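>>> I would like the atomic coordinates for the input below:
(one chain, ligands or ions: 1)
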Amino acid sequence: MRTPRHRLIRYSPLDRANHWSMAMIFILLALSGLAFFHPAFFFLSHTLGGPVWARILHPFLGVVLVLLFYAMAARHVSRNLLGENDVQWMRQIRDVLDNRDEKLPPIGKYNPGQKLVFWSLVVSIALLLLSGVIMWRPWFAGYFPIPLIRFASLIHSLSAFVAIVTIVIHIYAAIWVKGSIRSMTRGWVTRAWARHHHGLWAREQEEKQREHS
Ligand code: HEM
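So this is what the prediction gives:
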């Protein structure tokens, strides 16, 4: 089926299925992880079927998240490198926050804020995996000395904190920029949206569309 002329495709069905699976798994991991973190959050273990199931499933779900996340990250990494206009965009952060978008330089597929979210997740999810494997009883923890397991538990909590704060910012930004959520639910954005928020990407996509028409 041809895409209507006023629309630009932003995410493939595979990207969207991957993203929303990752979002659901992340929420389950965050809630069950909080249940292990402090007795006040113990009731959250019921999100995975009670304390015993939560303890069994949490690490396996973590591995699924890692696979889904790095599969998506690998496809998006080149779009998340810092470009020339990004530096200028960051210098004009006041214009960004005050919605003076017309003063900002044109941006590629992602703006520097989105790129920061991306790299923060790349690092925090890698640390969660590494520290999680070291603590994972009964499979791997037996191979490591107890002080290292304790250190891993500290790193796991700190990186989970960073990942959760990053995702809260990610969700806030997705709601703040109208039309953004639709790109991840329906896969397309309007030309006007793309020109307004991601001028360089819009130009590139329009050129591609012209070549194929
Ligand atoms: C309910 C929670 C979430 C919502 C509402 C949400 C929303 C969105 C939206 C609207 C986009 C498209 C932004 C654009 O193209 O301009 C996006 C992209 C993305 N999201 Fe989410 N998201 C959620 C959870 C997550 C989680 C849990 C992760 C990772 C663990 C994640 C990772 C990503 C990545 C990697 C991208 C591509 C952007 C990039 O490469 O910089 N999202 N999300």
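
>>> and this structure, which of its residues are near the ligand?
Within the chain, the positions lying close to the ligand (Cβ under 6 Å from any ligand atom) are 10, 19, 22-23, 26, 69, 72, 76, 80, 110, 114, 118, 121, 167, 170-171, 174, 180-181, 183-184. Every residue, glycine included, has its C-beta placed from N, CA and C.

>>> hang on, isn't Ile9 packed against Thr3?
Yes. Between Ile9 and Thr3 a contact is recorded at 5.9 Å, counting by Cβ atoms under 8 Å.

>>> which residues do these two both contact?
Trp188 (Cβ atoms under 8 Å, 6 or more residues apart in numbering).

>>> show the buried residues in the residues of the chain next to the ligand.
10, 19, 22, 26, 69, 72, 80, 110, 114, 118, 121, 167, 170, 180, 183 (16 or more other Cβ atoms under 10 Å).

>>> residues in contact with the last one?
Contacts were defined as Cβ under 8 Å, 6+ apart; by that measure Ser183 touches 10-11, 189.

>>> swap the cut-off to 10 Å and go again
Contact analysis of Ser183 by Cβ atoms under 10 Å, 6 or more residues apart in numbering lists 8-11, 15-16, 174, 177, 189-190, 193-194.

>>> can you check the second one too?
Counting by Cβ under 10 Å, 6+ apart, His19 touches 11, 68-69, 72, 184-185.

>>> what bits of the protein have low per-residue confidence?
1-2 (pLDDT under 70).

>>> domain assignment for it?
11-77, 99-213 (automatic domain parsing).

>>> can you tell which of those domains is closest to Val87?
domain 99-213 (8.1 Å; Cβ to Cβ).

>>> picking up where we left off before, and the contacts of His19, which is closest to Pro106?
Tyr11 (20.6 Å).
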